[in-house]
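Trainee: Structure for this input, please:
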Amino acid sequence: MIYLDNSATTQVDEDVARAAFEAMTVNYGNPSSPYMLGRDALTLLTEARHQVAQVIGAPTRRLFFTSGGTEANNLAVRGSLLADREQARKGGRVVTTAIEHSSVLASCRSLEEEGFEAVFVSPRGGRIRAEDVIAAVDERTRLVSVMAVNNETGERLPVEEIARGVKEKNPSVLVHCDCVQGYGKIPFTLNCIPADLVTMTAHKIHGPKGCGAIYVREGVRPGPICFGGSQESALRPGTENVPGIAAFGLAAGNALKDIRKNWLHVEMLNGYLREELEQLPEVVINSPEGAVPYVLNLSVLPFTTEQMVHEMRMRGIYLSGSSACEKGAKSHVIRAMGIEASRADSAVRIGLGKKNTLQEMKVLIETLKEMIRREKSYE
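Mentor: Residues are numbered from 1 along each chain as shown. All right, here's what the predicted structure looks like:
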């Protein structure tokens with residue numbers, strides 16, 4: 001098996017899995033309980049909060065755990081705008097991009113039903129331009145939500161330029177950054193990017209699924225989207241997923257420690273693939289210039305997306321056509337980029353990670369060449 005869908009999820013590291021196992025079998029207390037077993041669990045929670053916050057240079061007290069990136073994005077978008085009922089009744093404008101994750105797009109569209117105006121800025125020349133996002137901000141704008149790295153093409157959005165430009169134009173606007181695909185992979189610190197809300201998740205950095213987090217700047221007060229106890233400062237009530245959080249903390253620490261080493265390794269793999277693919281006239285690379293090396297989106301014109309994914313799967317190579325959250329639907333990102341229909345209908349995503357090898361890339365290239373030769377023999 002060759003796993004090339006690391007943008008969808010990653011294999012959990014063994015030490016990370018052991019941390020979760022120990023939290024389930026040894027430190028299994030409820031962190032809200034007043035006795036020692038509960039306090040041991042609370043210690044794990046506190047340590048993990050620090051580890052996860054440290055990756056983006058956030059104050060530990062402003063980092064709150066969630067069930068994943070989707071819940072965190074809903075908290076950032078809906079929670080921050082609907083917390084104050086009086087302000088919510090006045091509506092306002094929400095600005096985002098047309099290539100965001102579905103959890104952000106759906107949250108923004110849901111706000112339209114609450115009386116808000118949602119603006120979806122499209123790529124220009126295949127990329128999101130900071131000036132286009134900033135231009136969409138007016139005096140009624142209350143939130144701008146822009147991802148750090150696109151999950152389907154690897155495009156690295158100009159988040160720092162956008163955040164600073166938005167704050168200069170309208171200081172009252174909240175800036176949210178969905179950092180799920182960039183967290184622990186690219187340098188991203190609050191010292192450089194004046195974001196009010198940042199969301200992240202564990203399972204893109206070799207941590208477990210079902211565990212995410214949101215950073216909330218001091219003074220920003222989003223409201224909960226579910227209700228219950230006082231856990232996570234009542235922003236995300238319910239008994240904390242201590243095993244997942246402990247594992248998230250360790251995965252975050254590992255990612256921060258090895259961020260440069262992992263980048264250079266994946267950059268080498270990506271560079272090899274690009275060099276080989278450029279020699280194949282049937283292949284067109286869709287990832288824009290400057291994309292992070294962890295994601296490589298391409299089209300192989302003799303094939304549809306479904307054919308490519310199926311043929312590769314039959315050969316033990318796993319990649320995808322779009323975000324896993326889209327359940328096989330056509331990529332809204334590729335459509336938004338204005339790519340011609342035939343090319344869009346054959347787009348596939350290669351998600352690279354630290355566990356991939358150069359030998360796997362060579363097998364992928366040889367498999368692709370064999371598929372193209374076979375297809376041509378039928379013509």
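Trainee: For the rest of this, base every contact and every neighbour count on C-alpha atoms.
Mentor: Fine.
Trainee: Residue 142: what's it in contact with?
Mentor: By CA atoms under 8 Å, 6 or more residues apart in numbering, residue 142 lies in contact with 81, 92, 93, 94, 172, 173, 174.
Trainee: please redo it, this time with the cut-off set to 10 Å
Mentor: Applying CA atoms under 10 Å, 6 or more residues apart in numbering, one finds that residue 142 lies in contact with 80-81, 87, 91-95, 116, 170-175.
Trainee: Inside helices: which ones of those?
Mentor: Counting by DSSP state H, the contacts of residue 142 place 80, 81, 87 in helices.
Trainee: Walk me through the domains of this protein.
Mentor: For the chain, the structural domains run 2-9+258-378, 14-257, going by automatic domain parsing.
Trainee: so who does residue 340 touch?
Mentor: Contacts of residue 340 (CA under 10 Å, 6+ apart): residue 334.
Trainee: Please determine how far residue 311 is located from residue 319.
Mentor: 10 Å (CA to CA, to the nearest Å).
Trainee: which ones are touching residue 305?
Mentor: 299, 311, 320-322, 328, 330, 343-349 are the contacts of residue 305 under CA under 10 Å, 6+ apart.
Trainee: so which of those residues is the most crowded?
Mentor: Counting neighbours by other CA atoms under 10 Å, residue 347 comes out on top of the contacts of residue 305 with 30 neighbours.
Trainee: Let me know the secondary structure of the nearest residue to that one once chain neighbours are set aside.
Mentor: Nearest residue to residue 347, sequence neighbours excluded (CA to CA, 6 or more residues apart in numbering): residue 299, at 4.3 Å. Under DSSP: H, G, I helix; E, B strand; the rest coil, residue 299 falls in the strand class.
Trainee: and residue 299, how far is that from residue 285?
Mentor: Relative to residue 285, and taking CA to CA, residue 299 is found at 6 Å.
Trainee: pretty sure residue 1 is touching residue 319, no?
Mentor: No. If you go by CA atoms under 10 Å, residue 1 and residue 319 don't touch, sitting 11.2 Å apart.
Trainee: Of those two, which one has the most company?
Mentor: residue 319 (23 against 9).
Trainee: Give me the phi and psi angles of residue 228.
Mentor: phi 170, psi -120 (degrees, to the nearest 10).
Trainee: Got the confidence number for it?
Mentor: With respect to pLDDT, residue 228 scores 91.
Trainee: For it, which non-adjacent residue is spatially closest?
Mentor: Nearest one to residue 228, counting by CA to CA, 6+ apart, is residue 237 at 5.2 Å.
Trainee: Return the distance of stretch 171-187 from the chain's centre.
Mentor: 9 Å (CA atoms, centre = their mean, to the nearest Å).
Trainee: can you check stretch 95-106 too?
Mentor: Using CA atoms, centre = their mean, the offset of stretch 95-106 from its chain centre is 12 Å.
Trainee: same thing with stretch 37-48?
Mentor: With CA atoms, centre = their mean, you get 27 Å for stretch 37-48.
Trainee: What are the buried residues along it?
Mentor: Neighbour-count burial for stretch 37-48 flags 37, 38, 39, 40, 41, 42, 44, 45, 46, 48 (criterion: 16 or more other CA atoms under 10 Å).
Trainee: Now secondary structure and pLDDT too, for those residues, in JSON lines please.
Mentor: Formatted as JSON lines, the buried residues of stretch 37-48 follow (DSSP: H, G, I helix; E, B strand; the rest coil; pLDDT from 0 to 100):
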{"residue": "37", "secondary structure": "helix", "pLDDT": "95"}
{"residue": "38", "secondary structure": "helix", "pLDDT": "96"}
{"residue": "39", "secondary structure": "helix", "pLDDT": "96"}
{"residue": "40", "secondary structure": "helix", "pLDDT": "96"}
{"residue": "41", "secondary structure": "helix", "pLDDT": "97"}
{"residue": "42", "secondary structure": "helix", "pLDDT": "97"}
{"residue": "44", "secondary structure": "helix", "pLDDT": "97"}
{"residue": "45", "secondary structure": "helix", "pLDDT": "97"}
{"residue": "46", "secondary structure": "helix", "pLDDT": "97"}
{"residue": "48", "secondary structure": "helix", "pLDDT": "98"}
